[in-house]
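K.L.:
just to be clear, the model below is a prediction. Sequence and coordinates:
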Amino acid sequence: MILKYREYLLFERRLSKATVIAYVKDINQYLLFIEFQIGINNPAKANRSHVRSWVASMVDLGLEHRSVNRKLSALKGFYKFLVEVEDVDKNPARGIPSLKEKKRLVRALTQEEMNLLLNQNLFSNDRLGRRDRFILFTLYAFGLRRSELLNLQKSSIDINGGKIRVLGKGNKERELPCISEWVELYKTHCLDWPELELKETLFFDENGNSLEPRRLYSIVHSYIKEVSNIDSKSPHVLRHTFATHLLDMGADLSAIRELLGHTNLSATQIYTHASMEHLKSVYLKSHPRS
């Protein structure tokens with residue numbers, strides 16, 4: 001059942017490999033729960049109370065409500081597939097409400113911290129150091145997701161046209177404008193990595209192989225911790241920082257949505273909360289009566 005569902009997500013829903021891996025992992029966790037905690041080895045035999053018990057067990061383990069809701073959503077999709085394709089009678093996850101989530105306040109690096117992060121003195125003067133700076137600059141210049149950066153191809157870059165093409169969630173492609181500083185870093189990167197002559201992938205590890213997600217995370221984390229005490233030091237922080245800085249500088253929210261590749265404006269509106277924190281800070285520092 002899971003193998004069929006995995007193929008359905010990949011080839012019919014056209015979800016990214018990372019998303020499919022996450023969904024399958026969530027469903028496997030559920031199957032293990034009902035087998036070893038309840039004694040049911042067939043998901044078709046589970047009922048609504050069993051699904052609710054699984055949700056309660058995750059809450060008891062201390063999982064964030066957002067993570068629980070994602071797992072529940074994955075399970076609902078799995079059961080919907082079983083009902084439609086495998087002739088399963090019912091969807092026991094249907095109608096089970098999502099947990100109330102805390103409002104997320106986006107944490108972003110300050111402009112001063114970004115200046116420190118992109119300072120050449122932070123990096124070694126070899127091709128790995130220059131690659132790392134190019135990676136950080138690329139994430140911040142375009143607000144890319146981790147998967148989008150790793151999937152960047154030479155053919156996606158139009159130097160003469162001053163733009164790049166990015167393949168986002170759901171295989172949706174968007175075009176983003178290049179700034180001149182990024183173009184110069186790109187040209188240097190191409191000279192540093194002759195592997196680019198034979199491969200399409202833009203970023204490589206120390207051995208000349210395509211960069212893996214964990215290695216990318218490690219690279220970004222190691223540099224951010226040098227300039228900031230922000231809690232999260234993942235590549236996604238630079239995407240947050242990109243959007244927050246644009247908003248702080250007066251960019252239109254709908255334009256930011258297009259640049260980020262969000263389908264709905266509601267996904268972009270979380271950045272208005274971060275910008276409000278910035279406005280409060282400026283107000284308290286600047287108002288004569290504050």
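P.N.:
Nice, I can see it. Numbers count the residues shown, from 1 in each chain.

K.L.:
how about the helices of this protein, start to end?
P.N.:
In the chain, the segments counted as helices under DSSP state H are 2-7, 17-33, 48-60, 65-85, 111-117, 127-142, 146-150, 180-192, 213-227, 235-248, 253-260, 265-268, 270-286.

K.L.:
deepest in the core, which of those helices is it.
P.N.:
Of all these, helix 235-248 has the most neighbours on average by mean count of other C-beta atoms under 10 Å, namely a mean of 22. Using the backbone N, CA and C atoms, a C-beta is placed for each residue, glycine as well.

K.L.:
tell me what that one is packed against?
P.N.:
helix 111-117, helix 127-142, helix 146-150, helix 213-227, helix 253-260, helix 270-286 (3 or more C-beta pairs under 8 Å, 6 or more residues apart in numbering; DSSP states H and E).

K.L.:
now tabulate the helices of the chain in TSV and tack on distance to residue 164 and mean pLDDT.
P.N.:
Listed next are the helices of the chain as TSV, based on distance: least, C-beta to C-beta, whole Å; pLDDT from 0 to 100:
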stretch	distance to residue 164	mean pLDDT
helix 2-7	31	93
helix 17-33	21	94
helix 48-60	39	96
helix 65-85	30	94
helix 111-117	20	95
helix 127-142	7	96
helix 146-150	10	94
helix 180-192	9	94
helix 213-227	18	96
helix 235-248	14	91
helix 253-260	12	87
helix 265-268	20	70
helix 270-286	22	68
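
K.L.:
out of those, which is closest to residue 41?
P.N.:
Residue 41 lies closest, by C-beta to C-beta, to one member of the helices of the chain: helix 17-33, at 8.3 Å.

K.L.:
which strands or helices does that closest one pack on?
P.N.:
For helix 17-33, the packing partners by 3+ C-beta pairs under 8 Å, 6+ apart come out as helix 2-7, helix 48-60, helix 65-85.

K.L.:
TSV for those helices, including distance to residue 100?
P.N.:
Formatted as TSV, these follow (distance: least, C-beta to C-beta, whole Å):
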stretch	distance to residue 100
helix 2-7	28
helix 48-60	12
helix 65-85	7
